[in-house]
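A.B. asks: Quick one, fold the following:
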Amino acid sequence: MHADPLVLVPGLMCDQAVWAPVLAVLSQARSCQVVEHGRTNSLAAMARQLLDTAPPRFALAGHSMGARVALEACRLAPERISAVALLDTGYLARPAGPAGDEEARKRFGLLQLARDQGVRAMADAWVQGMVHPDRRGDPVLIPEIIRMFERKSADIFECQIQALLSRPDASDVLAQLTVPALVLCGRQDSWAPLAQHEALHRLIRGAVLEVIEEAGHMAPMEQPADVATAMLRWLARTDAGGAAS
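C.D. replies: Just a heads-up that it's a prediction; the model follows:
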């Protein structure tokens with residue numbers, strides 16, 4: 001049986017580089033493509049854009065904001081998606097009241113830093129909370145992440161912030177998934193903690209939860225071998241017709 005292509009979705013201010021370390025392995029198992037969001041400023045619009053360029057039927061994996069985009073694609077065209085992997089992400093809408101206001105304040109604070117001092121200055125500050133604490137001074141990983149962010153403009157950052165602040169609750173989508181599903185996170189992910197993934201995992205019938213040791217929010221770049229191994233297990237379930245039971 002021919003394996004469905006795999007569509008990979010980057011997250012906030014990310015591009016193909018977030019997937020590059022695992023692509024060398026995954027591309028041996030099936031055809032892969034990485035999408036771009038451009039200046040789109042809503043998750044639903046990002047999902048429609050993805051569906052416009054994706055194959056008729058495909059497996060779908062998203063990282064961080066990209067996983068939220070993947071869930072919106074599942075909402076819009078579930079019949080086209082044969083499997084879904086959600087990495088280092090969340091599923092709830094922005095909370096109402098002070099908590100939601102504080103989230104917006106922090107996000108717009110980073111945007112202001114990007115506008116005032118440049119995206120690189122923002123990335124220098126932001127990246128420190130996105131990786132395992134022991135990797136904050138990594139001479140290869142940290143510059144690679146910063147260069148990735150720097151390829152995006154402050155205007156794109158604003159569009160993606162708007163998309164995240166207006167994100168819908170995806171609980172209903174998760175509950176309706178019937179395809180092989182992987183939920184994966186770095187154990188030291190402080191942006192999207194393990195408990196959040198455990199809650200997400202409980203909503204998907206038959207899903208598998210994989211925890212990547214010694215990794216933060218950027219697990220595909222921090223521990224690519226372990227992430228690739230977990231994703232290959234997920235793809236093997238897909239190839240075997242392992243729908244949720």
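A.B. asks: quick one: contacts of the helix or strand containing L8?
C.D. replies: In the assignment (DSSP states H and E), L8 maps to strand 6-9. By Cβ atoms under 8 Å, 6 or more residues apart in numbering, the residues outside strand 6-9 that reach it are 19, 23, 26, 29-35, 50, 54-55, 58-63, 66-67, 69-70, 235. Every residue, glycine included, has its C-beta placed from N, CA and C.
A.B. asks: Just the buried residues of those.
C.D. replies: Using 16 or more other Cβ atoms under 10 Å as the burial test, those include 19, 23, 26, 29-30, 32, 34-35, 50, 54, 58-63, 66-67, 69-70, 235 as buried.
A.B. asks: and those residues, which of them are in strands?
C.D. replies: Of the positions in those, 32, 34, 58-63 sit in strands, assigned by DSSP state E.
A.B. asks: how about the residues you listed in a markdown table, adding pLDDT and distance to K106?
C.D. replies: Below are those laid out as a markdown table (pLDDT from 0 to 100; distance: Cβ to Cβ, whole Å):
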| residue | pLDDT | distance to K106 |
| --- | --- | --- |
| C32 | 97 | 33 |
| V34 | 98 | 28 |
| F58 | 98 | 34 |
| A59 | 98 | 34 |
| L60 | 98 | 29 |
| A61 | 98 | 27 |
| G62 | 98 | 22 |
| H63 | 98 | 20 |
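A.B. asks: Let me know the distance separating the residue positioned nearest the centre of the chain from P56.
C.D. replies: With distances taken as Cα atoms, centre = their mean, H63 lies nearest the centre of the chain, 1.4 Å away. As defined by Cβ to Cβ, to the nearest Å, H63 lies at a distance of 24 Å from P56.
A.B. asks: Could you name the helices and strands sitting against the longest helix along the chain?
C.D. replies: If you go by DSSP state H, the chain has its longest helix at helix 98-117. Packing contacts for helix 98-117, counted by 3 or more Cβ pairs under 8 Å, 6 or more residues apart in numbering; DSSP states H and E, involve helix 119-126, helix 154-165.
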